[in-house]
Structure formats: C-alpha cells, structure tokens
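Asks: whatever this is, show me its structure:
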Amino acid sequence: MNRLLIALLAAFDAAMVVGVGIAAALAPLTLLWVVGLGGDAPWEVLWPAAVTVWQVGNLAPVHVQIGPDYAAVVGIPAEATGFVFSLAPLAFALFTAVFAARSGARAARAGGWITGVLTGALTVAVLSA
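Replies: Numbering: from 1, shown residues only. Now for the predicted structure:
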C-alpha cells in the first residue's frame, strides 16, 4: 500500500473517531433537550456542550465560569465563580486510544506506520481545535 493511501485511511479513521465521540456526547444531550426541556431551549447550545464533554473526556481541562446573576442568587462568592473542571469521563479517551491503536496497527501492517500515526494524530489535533 502506498503512503498516500495509508495517510488517507489514517485521516479517515481519526475523523470517524472524533465524529463518533462527539455524536456519543450529543445523543444524550439531544434526548435531554427534547424530553427534559420540551424543545424550548436553544438548539445551538447543544453542539458546544457536546464538544466540551468530548474534550473533557479526552483529558482537556475546561474552565467553567458561573454567571454573576446565578452566583448572587445562590450565594456563591464572586471569587469562587470560576474554576477548572478536569474530572474526565475516561470512556471517551479509552475509545480514542483503542481506535488509534487499531489504525496504527493497520498502518504498520501496510508498512507505513510513521505516516499513519502522524496523519492520524494531526487529524485528531486539527479536529479537536
């Protein structure tokens, strides 16, 4: 197998892993949106929420900022309204690692493991950004 085909297959594998991971986070959020909120909440907040859940699941810390109005009502001091959330649901990271190993093994069997690993890692990094 030539290196271009290995790179294309590794990029496709990486894109599929990112897409399935985000879809796995988006599905329960969509169900919550429809059942719990009755469809009244704005749809455009689900996509960033799903991506943020996926990023936390892949060990990226997320800065959370509580709104000043809510903090005042609940009684949270102003200095405690921002924090870094880094407790990860590791199933996303495990899913990504398993499929990265499968893709890397396939590229190694084809004789271009460096091309496959670099292309897959670059694709996941670009899609994660």
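Asks: where does the protein dip in pLDDT?
Replies: Segments of the chain classed as low confidence (criterion: pLDDT under 70) are 39.
Asks: does the most centrally placed residue in it lie in a helix or a strand, and which?
Replies: Centroid-nearest residue in the chain: residue 54, 2.7 Å away (criterion: CA atoms, centre = their mean). For residue 54, the element it lies in under DSSP states H and E is helix 46-57.
Asks: list the buried ones in that helix?
Replies: 46, 50, 51, 53, 54, 55, 56, 57 (16 or more other CB atoms under 10 Å). All C-beta spots, glycine's among them, are computed from the backbone N, C-alpha and C.
Asks: what packs against that helix?
Replies: Contact partners of helix 46-57 among helices and strands, from 3 or more CB pairs under 8 Å, 6 or more residues apart in numbering; DSSP states H and E: helix 3-37, strand 62-65, helix 91-109.
Asks: wait, which of those is closest to residue 75?
Replies: Nearest to residue 75, of all these, is strand 62-65, at 17.0 Å by CB to CB.
Asks: could you pull out the buried residues of the very next helix or strand once past the closest one?
Replies: Next helix or strand after strand 62-65 toward the C-terminus (DSSP H and E): helix 68-74. By 16+ other CB under 10 Å, the buried positions in helix 68-74 come out as residue 71.
Asks: ok so, going back, TSV for the buried residues of helix 46-57, including distance to residue 26?
Replies: What follows is the buried residues of helix 46-57, written out as TSV (distance: CB to CB, whole Å):
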residue	distance to residue 26
46	7
50	4
51	9
53	9
54	9
55	13
56	14
57	12
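Asks: list the contacts for residue 24?
Replies: Residue 24 makes contact with 54, 92, 95 under the criterion CB atoms under 8 Å, 6 or more residues apart in numbering.
Asks: list the contacts of the first one.
Replies: By CB under 8 Å, 6+ apart, the residues touching residue 54 are 18, 21, 22, 24, 25, 92.
Asks: which one of those has the most neighbours?
Replies: residue 21 (26 neighbours; other CB atoms under 10 Å).
Asks: residues contacting that one?
Replies: So residue 21 contacts 54, 57, 58, 92, 95, 96 (CB under 8 Å, 6+ apart).
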